[in-house]
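Q: Give me the fold of what follows.
(one chain, ligands or ions: 2)
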Amino acid sequence: HLNTSILRVVLLGSNRSGKSSIGNLILGTEAFNAARSTALCKKEEGDVCGRKITLVDRPGWGREFQLCDTAEIAKHEQQHSVSLCPPGPHAFILVVEVDLSFTDTFRRSVEGHVQLFGERVWSYTILLFTWKDCLGDRKIEQFIEGEGEVLQWLIEKCGRKYHVLSNEDRGDGTQVTGLLHKTEVMVAGNSGRHFEIETSQLQKVEKERREVKERTTKMSPVTLVGVVDGKTHHVPETLPFPQWGQWGQWGHMNCRPNHSDATDGFVRRGCLTV
Ligand SMILES: Nc1nc2c(ncn2[C@@H]2O[C@H](COP(=O)(O)OP(=O)(O)OP(=O)(O)O)[C@@H](O)[C@H]2O)c(=O)[nH]1
Ligand SMILES: [Mg+2]
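A: Ligands and ions are numbered 1, 2, ... in the order given. Have a look, this model is predicted:
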């Protein structure tokens, strides 16, 4: 039957997994920028196969990062995604590239970042394998069987709800309809209920975000100059880093300032070591 209510979805996953790309594939637009790494949450709406959908894209976490390696402000931005689709998302799509190595480090990283919202989030999460083009002729079931227990663990965590597609293949409409169908089945399994986050948790996040914004607007707009592979790059942004000297994210690269004026979690000047 035709469901006229809005389906609210938040995209989760590590950097470069294909979150912005799947957002574009679902909406059939270029609403999200997949040419560069997403730094801030973004909400887009569309009409897909007769269903109204609200999609929230958000920054990914560093592939090799454990939750403790991720900057507090990055965690706040990740959590902010839920505020953009009140009263809460019906579904989270956890985007994972098929060609990752499913090690224990991967497991702890995914578990930590997904569970920023608490253990209950898994009941609202569908696993989406991207980069299907890397599988060649192999079927996803064969691939899963050939992988170890970490991937099995993830599939169980998501209640065996998963889908596979290639974001590069824009011609095959069944990729998106299949994903949306499985998402709707999950939502129906939750009796249409949306995920609710503790109001106090969200309020804390929003307060911290406001404070950070106030601090950054007071900063003088200095262009960060980075040296990457011996070449000088101008970084046109204020970069958040966990702490001075620690690794952070710039585009798709892990980098860290080797000297800077960062005393407050931000780097405005300095050199980058990649
Ligand atoms: N071959 C192939 N390339 C893909 C696929 N999905 C994404 N890409 C490419 O991978 C790169 C990263 O994709 P994004 O959609 O920006 O990834 P993201 O998860 O939004 O990354 P962050 O914003 O950094 O967290 C882009 O160059 C995409 O074109 C896929 O299924 N197959
Ligand atoms: Mg992105």
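Q: I'd like the distance between the residue of the stretch 51-200 of the chain found nearest ligand 2 and Val95.
A: Of all residues in the stretch 51-200 of the chain, the one sitting closest to ligand 2 is Asp57 (5.9 Å; Cβ to the ion). For glycine as for every other residue, the C-beta is placed from the backbone atoms N, C-alpha and C. The gap separating Asp57 from Val95 is 10 Å, by Cβ to Cβ, to the nearest Å.
Q: list residues touching both of the two?
A: Taking Cβ atoms under 8 Å, 6 or more residues apart in numbering as the contact rule, the neighbours common to Asp57 and Val95 are Leu11, Lys19.
Q: and the residue lying closest to Cys134 once chain neighbours are set aside, how many neighbours?
A: Distances taken as Cβ to Cβ, 6 or more residues apart in numbering put Asp99 closest to Cys134, at 4.5 Å, once the chain neighbours are dropped. When counting by other Cβ atoms under 10 Å, one arrives at 12 neighbours for Asp99.
Q: Run a quick check on Asp99 versus Lys132, I expect a contact.
A: No. The criterion here is Cβ atoms under 8 Å, and Asp99 misses it with Lys132 at 10.1 Å.
Q: related to what we said a few turns ago, so is the residue nearest to Cys134 in a helix, a strand, or just coil?
A: Reducing the assignment to helix, strand or coil with DSSP: H, G, I helix; E, B strand; the rest coil, the entry for Asp99 is coil.
Q: Would you check how far apart it and Leu40 are?
A: Look at Asp99 and Leu40: by Cβ to Cβ, they are 27 Å apart.
Q: And Glu198, by the same measure?
A: With distances defined as Cβ to Cβ, the gap from Glu198 to Leu40 amounts to 23 Å.
Q: And the residue of the stretch 101-250 of the chain closest to ligand 1?
A: Distances between the stretch 101-250 of the chain and ligand 1 by Cβ to the nearest ligand atom are smallest at Asn167, namely 3.4 Å.
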